[in-house]
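# When you get a sec, could you give me coordinates for this:
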Amino acid sequence: MSKRLIRIFPMELSNRTSELISREINVVLKSNQTFFGRCWKIKNHLLYLKDQRKHDHSFAFTQVESVIYDQLAHF
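So this is what the prediction gives:
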């Protein structure tokens, strides 16, 4: 089963909220830190993430370099 990496930049986050909610994502910050977890809310230019240890994180869109997630390829 093939996968494709989908990269979303901060200026697109508001428009693509529905495809990110409840999805496992990687958030890459401008400081080069990377966080992995499930996106549970995007509101007021903040992205909310719950990691695998059940810790909540929130990131302002201005902190985010990109959001990356896997999508199954259909071929």
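# all contacts plus neighbour counts: C-alpha atoms, from now on.
Will do.
# Mean confidence (pLDDT) on stretch 29-38, please.
Per-residue pLDDT values over stretch 29-38 give a mean of 97.
# And stretch 2-18, by the same measure?
For stretch 2-18, the per-residue pLDDT averages 92.
# Can you give me the buried ones in it?
8, 10, 13 (16 or more other CA atoms under 10 Å).
# Out of the residues you listed, which is nearest to L49?
When the buried residues of stretch 2-18 are compared for distance to L49 (CA to CA), L13 comes out closest, at 13.7 Å.
# With adjacent residues omitted, what lies nearest to that closest one?
Nearest non-adjacent residue to L13, counting by CA to CA, 6 or more residues apart in numbering: F61, 7.9 Å away.
# Same question for I8.
V67 (5.1 Å).
# Now distance to L46 and secondary structure too, for the buried residues of stretch 2-18, in a markdown table please.
Formatted as a markdown table, those follow (distance: CA to CA, whole Å; DSSP: H, G, I helix; E, B strand; the rest coil):
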| residue | distance to L46 | secondary structure |
| --- | --- | --- |
| I8 | 15 | strand |
| P10 | 10 | helix |
| L13 | 10 | coil |
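# hmm, back to that, wait, isn't the residue nearest to I8 in contact with N26?
Yes. Applying CA atoms under 8 Å as the test, V67 and N26 come out as touching, 5.7 Å apart.
# residues contacting Q52?
36-37 (CA atoms under 8 Å, 6 or more residues apart in numbering).
# tell me the SS of it?
Following DSSP: H, G, I helix; E, B strand; the rest coil, Q52 is assigned to coil.
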